[in-house]
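Trainee: kindly return the folded structure for what I paste below:
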Amino acid sequence: MKVAGLGFKKDVTLASLREALLAAGGPEGLAAVATVSDKADAEVLKQLARECGVPIKAVAAEMLVGIDTPTQSQLVAERFGTGSVAEAAALAAAGPRARLIATRVVSQDRTATAAIAEGDGA
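Mentor: Numbering: from 1, shown residues only. Just a heads-up that it's a prediction; the model follows:
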């Protein structure tokens, strides 16, 4: 099961989310997109999920705490207890033995991040 984890700012556009996802490897073969639960209802994320034909997996913020990620953001670490929302959400949603196949990439306008994990599912 391949899952794209997405992190994004409040003012993100569909184009920025799409850009980050494409830079991480694209939507081909994805089973879902995932993000922290308080952002899972964002209309722009729903649009991207529909475009990709996949469901959204909401990951509770407390599930992200302590997930070791290859990339680190000081701001994200302080707020979520992990280095990358995109990487941690992808890993959490892809299942217990998931591994990253694409580390976090950032859109040019820096409003969206994406990473892709592969695992056995939750």
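Trainee: what comes up buried for the lowest-mean-pLDDT helix or strand in the chain?
Mentor: Across the helices and strands of the chain, mean confidence by mean pLDDT, DSSP states H and E is lowest for helix 74-80: a mean of 87. With burial defined by 16 or more other Cβ atoms under 10 Å, the residues of helix 74-80 counted as buried are 76, 80. Just so you know, the C-beta spots here come from the backbone N, C-alpha and C atoms, and that holds for glycine as well.
Trainee: hang on, isn't Pro55 packed against Leu48?
Mentor: No: applying Cβ atoms under 8 Å, one finds Pro55 not in contact with Leu48, separated by 11.7 Å.
Trainee: and the helices in the chain?
Mentor: For the chain, the helices defined by DSSP state H occupy 14-24, 43-52, 61-64, 74-80, 85-94.
Trainee: where among those helices is the average confidence lowest?
Mentor: Note on those: lowest mean pLDDT is at helix 74-80, with a mean of 87.
Trainee: convert that helix to PDB, retaining C-alpha atoms only.
Mentor: Only the C-alpha atoms of helix 74-80 are listed here, as PDB (Å, rounded to 0.1, in the frame of the first residue of the first chain):
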ATOM      1  CA  GLN A  74      12.100  23.000  13.800                       C
ATOM      2  CA  LEU A  75       8.600  24.600  13.600                       C
ATOM      3  CA  VAL A  76       6.900  21.200  12.900                       C
ATOM      4  CA  ALA A  77       8.900  19.500  15.700                       C
ATOM      5  CA  GLU A  78       7.800  22.100  18.200                       C
ATOM      6  CA  ARG A  79       4.100  21.900  17.100                       C
ATOM      7  CA  PHE A  80       3.700  18.100  16.300                       C
END
